[in-house]
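**Student:** just need the structure, nothing else, for what follows:
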Amino acid sequence: MGFDLFDRWGRRRSGLIFSPVSVLYFMILFLGLLLLSPLLLATLRDLMIVGLGLPPELAVGFLLLSLFGSFFNVPLYEIVSREPILTFRRISFFGVTWNIPDVRIGTRKTLVTLNVGGALVPILISAYILGDLIPSREPSPLTTYLKFLIALVVVTLVVHRSSRPIRGLGIATPAFIPPLTTALITLVLFPLGPVSNPYLIAYAAGTLGTLLGADLLNFRKFADLGAPVVSIGGAGTFDGIYTTGLASLLLLLLLL
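**Tutor:** Numbers count the residues shown, from 1 in each chain. As a prediction, this is how the structure comes out:
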C-alpha cells in the first residue's frame, strides 16, 4: 500500500494525502486505547479532571483523533534531488543483441508532509499543555518547565540515537523506545522538588522529543531516502508517538 499522491489525471494532489495503514497494526493500537478507556471514564474521572484540567472523555477523544488522524498527511514542501539512475540500452549488430549499461543523472522529487495524527495533533496538545495547563494548574510552573526541558532533551537524544533512515520508507525508530524512555525519565524527575503533574511532562516531552529526535534532526537525510513521500510523525515514528500518549496516561494513574 502506498500514498495517494496523484489524481486520476496524474497530477500531484494539493490537499490532504491519504496514507493507508495495516488493519492489524491499526487494531492493535485501537485495542490498547479500548482497554484503557473504561478505567479512565468510570473510576478516575475526578483524578483526570484535577490532574489534566479536562474530562477523561476529551483525553480519550484526543487519542482517538490522533489514531484516526494517522491516515492523513498535510503537504509541506517538495525536495528535488539529483542522483544516478542505471538504465540499459539494447544494441543489435549482425543479429546479436547486447544490453549496454548506461548511467545517467536523473531527478527525484520527495514530498515532505506532516502527519495529522502523529505530528499535528500532538503538537497542538503539547502547545495547550505548555501554554495553558502548566502556568494555570501547576503549583510551581517554573519547576515543571525545568523538568519538561530535561525530559525533552533526554527523549530527543535517545530517540535520535535509535532512529534509522530506511530507504523507500522514511525515518523509523523502535516503537518501545519513546514511551519507555519517557516513562523512565518522568519517574526519575517526579519526586524531585515540588511535585509536578507527570502526565503534562510525559506527554509534551515524549511526543515532542520523538518528533525532534526521529524526524526533525534527520531532515537532511530526507532527500537520500528514495521515497516519494516522507511523513513527519508518520510511517516509522507514529506508533512510538501514539504509545507515548498512552504511557503518559498510565503514569498519571500510577503516580497521582
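**Student:** so for the lengthiest strand in the chain, mean pLDDT?
**Tutor:** If you go by DSSP state E, the chain has its longest strand at strand 72-93. Average pLDDT, strand 72-93: 77.
**Student:** A helix includes A235, no?
**Tutor:** No - assessed by DSSP: H, G, I helix; E, B strand; the rest coil, A235 does not belong to a helix; its assignment is coil.
**Student:** what sits against it?
**Tutor:** Counting by CB atoms under 8 Å, 6 or more residues apart in numbering, A235 touches 19, 115, 169-172. (Glycine included, C-beta is placed from N, CA and C.)
**Student:** 10 Å - rerun?
**Tutor:** Each residue near A235 by CB atoms under 10 Å, 6 or more residues apart in numbering is listed here: 3, 19, 21, 70, 73, 115, 118, 166, 169-172, 214-215, 227, 229.
**Student:** which one of those is nearest to G193?
**Tutor:** A214 (29.7 Å; CB to CB).
**Student:** if I look at that closest one, how far off is A172?
**Tutor:** A214 is 8 Å from A172, where distance means CB to CB, to the nearest Å.
**Student:** any residues in contact with both of the two?
**Tutor:** What both A214 and A172 touch, as defined by CB under 10 Å, 6+ apart, is the set 162-164, 235-237, 240.
**Student:** pick out the most distant pair among those residues.
**Tutor:** Maximum distance among the shared contacts of A214 and A172 (CB to CB): 15.3 Å, for S162 and A235.
**Student:** in the helix or strand where V155 lies, what's buried?
**Tutor:** Using DSSP states H and E, the element containing V155 is helix 141-162. Burial within helix 141-162, assessed by neighbour count using 16 or more other CB atoms under 10 Å, is assigned to 143-145, 147-148, 150-152, 154-156, 158-160, 162.
**Student:** wait, L217 sits on V158?
**Tutor:** No - using CB atoms under 10 Å, L217 is not in contact with V158; the gap is 11.9 Å.
**Student:** now stretch 214-221: mean pLDDT?
**Tutor:** The model assigns stretch 214-221 a mean pLDDT of 88.
**Student:** and that stretch, how far out from the chain's middle?
**Tutor:** Taking CA atoms, centre = their mean, to the nearest Å, the mean C-alpha location of stretch 214-221 is offset from the chain mean by 12 Å.
**Student:** next one: stretch 188-202
**Tutor:** 23 Å.
**Student:** likewise for stretch 110-121?
**Tutor:** So, by CA atoms, centre = their mean, the centroid of stretch 110-121 is 8 Å from its chain's centroid.
**Student:** same check on stretch 155-170?
**Tutor:** Chain-centre distance of stretch 155-170: 11 Å, with CA atoms, centre = their mean.
**Student:** start at 462, not 1
**Tutor:** In the new numbering, first residue 462, that becomes stretch 616-631.
**Student:** and that stretch, C-alpha only, in CSV?
**Tutor:** Provided in CSV are the C-alpha atoms of stretch 616-631 (Å, rounded to 0.1, in the frame of the first residue of the first chain):
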residue,chain,number,x,y,z
VAL,A,616,14.0,11.7,25.0
THR,A,617,15.2,13.7,21.9
LEU,A,618,18.8,12.3,22.3
VAL,A,619,17.7,8.7,23.0
VAL,A,620,15.2,8.6,20.1
HIS,A,621,17.7,10.3,17.7
ARG,A,622,20.4,7.7,18.6
SER,A,623,17.9,4.8,18.0
SER,A,624,16.3,6.2,14.8
ARG,A,625,17.4,4.8,11.4
PRO,A,626,16.7,6.1,7.9
ILE,A,627,15.0,3.3,5.9
ARG,A,628,15.3,3.8,2.1
GLY,A,629,11.9,3.9,0.4
LEU,A,630,10.1,4.5,3.7
GLY,A,631,11.4,7.3,5.9
